[in-house]
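1. Could you work out the structure for the sequence below:
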Amino acid sequence: MPLNEKNKMKKLISLVLLTGLLFTSCKPENNEKELSEKEKQIADSVSKVRQKVKVDSLKKTNPLLIMPPDSNFTGDYIDKYPTGITKFKGFYRFGKRHGQWISFYQNGLPWSEMNFDKGLRSGQNITYTETGKLRYKGIYKNDKRDSIWLYYDTIGNLAERIQYKNDIVEKKLPLK
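-> Below is the predicted model of the structure:
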């Protein structure tokens, strides 16, 4: 083969190799294989088991902790004391408390009534003593106290009135 044809052949081979290299390097890498429906169910189950173990562990350190069964849970939630009396009841929307939540003492009397909007305290909050008397009440906006809060003594008499704005005390008000 003459020298000129050898150079042409080398150039052609180089061009083919370079083109092949260019195409393979431009292809998006897909190292993750597509999971089958069965594999997705198993992965979801494992995730839920891990979440439950985490929740149970955290509840052992703080028995009054309220956590959804999983991070995307939507539905009614009820937690009970070992005696069967309701401890908490409310609604989760996509893993966040939403709407009215009520907590109870072990004697069955209400402890607090609170409203949530997508996980943030919002609206009226009322808290009671174990005997059922008012302890305090006020309004939350965006998870912060933002109104006049009324605090009561152990026998139910108004003890203090405090005005909050954005969770900061603006002033203490006289009792009426």
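
2. for this protein, what spans make up the helices?
-> According to DSSP state H, the chain carries its helices in the segments 3-26, 37-61.

3. Can you show me the strands along the protein?
-> Across the chain, reading from the start of the chain, the strands by DSSP state E fall at 75-80, 86-93, 96-97, 99-104, 110-117, 120-128, 134-141, 144-145, 148-152, 158-165, 168-173.

4. and those, which is most packed in?
-> Across these, the average number of neighbours (mean count of other CB atoms under 10 Å) peaks for strand 96-97, which reaches a mean of 20. Where C-beta positions appear, they are placed from N, C-alpha and C, glycine not excepted.

5. Walk me through which strands that one pairs with, and which way each runs.
-> Partners of strand 96-97 in the sheet, by DSSP bridges, are strand 86-93 (antiparallel).

6. Give the rounded mean pLDDT of the partner strand.
-> Confidence for strand 86-93, expressed as mean pLDDT, is 94.

7. who touches it?
-> Contacts to strand 86-93, defined as CB atoms under 8 Å, 6 or more residues apart in numbering, come from residues 64, 66, 68, 73-81, 97-104, 108, 116, 118.

8. can you rerun that using 7 Å?
-> Strand 86-93 is touched from outside by 66, 68, 73-81, 97-104, 118, with contacts defined as CB atoms under 7 Å, 6 or more residues apart in numbering.

9. what's the answer for stretch 124-136, then?
-> Residues from elsewhere that reach stretch 124-136, judged by CB under 7 Å, 6+ apart: 105, 107, 109-115, 137-140, 149-152, 154, 156.

10. what about that stretch, how long is it end to end?
-> End-to-end distance for stretch 124-136, by CA to CA, to the nearest Å: 11 Å.

11. Make 34 the starting number, not 1.
-> Noted, 34 is the first residue going forward, which turns the last one into stretch 157-169.

12. what mean pLDDT does it have?
-> Stretch 157-169 comes out at a mean pLDDT of 95.

13. try stretch 68-88
-> 67.

14. so what pLDDT did the residue nearest to residue 192 when sequence neighbours are not counted get?
-> Counting by CB to CB, 6 or more residues apart in numbering, residue 186 is the residue found nearest to residue 192 once chain neighbours are left out, at 4.4 Å. Residue-level confidence at residue 186 comes out at 94, pLDDT.
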